[in-house]
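Q: whatever this is, show me its structure:
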Amino acid sequence: MTNTSLSRTFANPPREFGIFPFWFWNDDLEDVELLRQIHEFHAKGFGGFLIHPRVGLSRRVGYLTDEYFRLVRLVVEEAARLDMKVVLYDEGSYPSGSAAGQVVATDPTYAARCLIAKQQAITGPAQGYWHPNLGRGLSDELIGVVVGREIAPNVLDPASLMVLPVQAPELVRYDLPAGNWRLIALWHVYSGGTIRGVFAEEDAQHALAPAAGDLLNPDAVACFIRLTHDQYYHHLRDHFGSTVVAMFTDEPSALGRAPKRGPNPWPFTPGFLDDLQTGWGDDVGRWLPALWLDCGPRTATFRQHYTNTVYTRLERVFYGAQSHWC
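A: Predicted coordinates for the structure are as follows:
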């Protein structure tokens, strides 16, 4: 393309490079009204639209139901007749990755997970046993227990950090010299995080808000893709790559919204410690208290390493699965 033709294209770009609105789908959707709105988009020069199921969708329509996909096909076919493009949205409201709670409904172990800490102060010299069970549920898993000398309030001497052996059932024996000590039990638990759903009673902070899925778990993500991407392709395969040009994913959250476990939970999933160990050099288990306490000069570095590991796994497991699917 010459500079002159490129300049003309920028001055009067084709419709497909124009604005694509987020087209919120809520209330009780009607064929005639949906088609009317598409023609309004077209008349105003929009190159296409993004179908966005939102809070307030009627129970009659539902989400990922036969009626829902009938309406999706209706508007995609109309867009094709008008030479418009369609971007599909991969969730019922947001954040993405849970299929409006259907991922966790398929398998409760696919719920979002996190790492939390339970702490106990000990003044030495002291010998004894600590049973740090949270009493929250049989699914809670004790990852490990670390002890460290407390040299100031909430500050541990990094050289003193030591992993203590755990005896069944979740019992830890300690034998500590003089000084102030802190025992930290690291627990792998379900975060209790949610997403915004599509029905009025499923909005954020509501008791019926859908459970968030574990975006760091390949099996949970595969379930999400089967429920969403595969279903869209099943109903619209003849329009993929022509009218349907993209799939939009919205602000995925490894913890979900408003996680209920804590305080200060960190994203976690089975196998995450192996990822975390890569590139750290020291035993990563003894450094986990640094997520909540000051453990010396490497505290900020460890927290950044943990955060980077979460994002790297999210990229590989969640975004990577979608990229492969596309």
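Q: this protein: helices as residue ranges?
A: For the chain, applying DSSP state H gives helices covering 3-11, 31-43, 66-81, 102-106, 218-227, 229-236, 272-277, 284-287, 299-314, 320-325.
Q: tell me the mean pLDDT for the second one?
A: Read it as helix 31-43. For helix 31-43, the mean pLDDT works out to 97.
Q: report the buried residues of that helix.
A: L34, I38, F41, H42 (16 or more other Cβ atoms under 10 Å). In this view, the C-beta of every residue, glycine as well, is placed from N, C-alpha and C.
Q: equivalent analysis for the shortest one, please.
A: Along helix 284-287, the positions that meet the burial threshold by neighbour count (16+ other Cβ under 10 Å) are V284, G285, R286, W287.
Q: each with direction, which strands does the longest strand along the chain pair with?
A: Longest among the strand segments of the chain by residue count, using DSSP state E, is strand 171-190. Strand pairing for strand 171-190, determined by DSSP bridges: strand 113-130 (antiparallel), strand 141-152 (antiparallel), strand 166-167 (antiparallel).
Q: make TSV from those and add distance to L208 and mean pLDDT to it.
A: Formatted as TSV, the strands paired with strand 171-190 follow (distance: least, Cβ to Cβ, whole Å; pLDDT from 0 to 100):
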stretch	distance to L208	mean pLDDT
strand 113-130	21	97
strand 141-152	27	97
strand 166-167	37	93
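Q: distance to A117 added to the helices of the chain, as TSV?
A: Shown next, in TSV, are the helices of the chain (distance: least, Cβ to Cβ, whole Å):
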stretch	distance to A117
helix 3-11	55
helix 31-43	50
helix 66-81	42
helix 102-106	25
helix 218-227	24
helix 229-236	37
helix 272-277	15
helix 284-287	12
helix 299-314	13
helix 320-325	30
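Q: hmm, back to that, among the strands paired with strand 171-190, which is the most enclosed?
A: Ranked by mean neighbour count under mean count of other Cβ atoms under 10 Å, these are led by strand 141-152, which reaches a mean of 19.
Q: re the thing from before, tell me which of the helices of the chain sits nearest to A211.
A: Nearest to A211 among those is helix 102-106; the distance by Cβ to Cβ comes to 4.0 Å.
Q: what comes up buried for the closest one?
A: In helix 102-106, the ones that count as buried by 16+ other Cβ under 10 Å are Q102, V103, V104, T106.
Q: dig out what the closest residue to M84 other than its chain neighbours forms beta bridges with.
A: Leaving out its chain neighbours, the residue that sits closest to M84 by Cβ to Cβ, 6 or more residues apart in numbering is G48, at 4.5 Å. Under the criterion DSSP bridges, G48 forms beta bridges with K85.
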